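>>> Whatever this is, show me its structure:
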Amino acid sequence: MSTQVTFMLPDDVHFSALRLARLTHREVADVLRDLLTLAVPPLAVDSETPPPLGSLGDAEVLALTTLELSGEQDLRLSALLQRQQASALDDAERRELASLIQCYQEGLLRKAQAIEEAVRRGLRASPRP
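Take a look at the predicted model:
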């Protein structure tokens, strides 16, 4: 299912989308749809909400400060990004890429929050100078 949306774009964003569309031999609407899909991936409805960091022990918080994608996920994300760069993604790969980017973004946010919590607890130094 699709929904038609009409909105104003800043001129520089529109120009960039036009240029990208020309370079990839695609319609501007398709380029913008793909960019929005990647920027705002669907939220996983079935995923569990992680426990608040305040409820975790020090060791768990410190472990989260080093959170990364699994090796397999990282390799797949890299491969899909290369295929996207070459304009070779099919619809299933676009969905997979959006899902992996969502996973990466959620993990990065959780890691940043854990670092903040670890600094607040005095478990590690602030990354800020």
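>>> C-terminal to the worst-scoring helix or strand of the chain on mean pLDDT, which secondary structure element comes first?
The helix or strand of the chain with the lowest confidence, counting by mean pLDDT, DSSP states H and E, is helix 28-39 at a mean of 85. Per DSSP states H and E, the first helix or strand lying C-terminal to helix 28-39 is helix 58-64.
>>> Now do that following helix, average pLDDT.
For helix 58-64, mean pLDDT is 96.
>>> Now do whichever helix or strand comes after it against helix 28-39, angle only.
Next helix or strand after helix 58-64 toward the C-terminus (DSSP H and E): helix 71-85. Counting by axes from the mean of the first three to the mean of the last three C-alpha atoms, to 10 degrees, helix 71-85 lies at 170 degrees to helix 28-39.
>>> what's next to helix 71-85, contact-wise?
Glu68, Leu69, Leu89, Glu93, Arg94, Glu96, Leu97, Leu100, Ile101, Cys103, Tyr104 (C-beta atoms under 8 Å, 6 or more residues apart in numbering). For every residue, glycine as well, the C-beta is placed using N, CA and C.
>>> Double-check the first one against Gly107; I have them as touching.
Yes: the pair formed by Glu68 and Gly107 meets the contact definition of C-beta atoms under 8 Å, at 7.1 Å.
>>> So between these two, which is more surrounded?
Ranked by neighbour count (other C-beta atoms under 10 Å), Glu68 and Gly107 place Gly107 first, with 15 against 11.
>>> How many neighbouring residues does the residue nearest to that one when sequence neighbours are not counted have?
Leaving aside its chain neighbours, Gly107 sits nearest to Leu67 (5.3 Å; criterion: C-beta to C-beta, 6 or more residues apart in numbering). Leu67 has 15 neighbouring residues, counting by other C-beta under 10 Å.
>>> One more: the one 4 residues further on?
Gly71: 8 surrounding residues under other C-beta under 10 Å.
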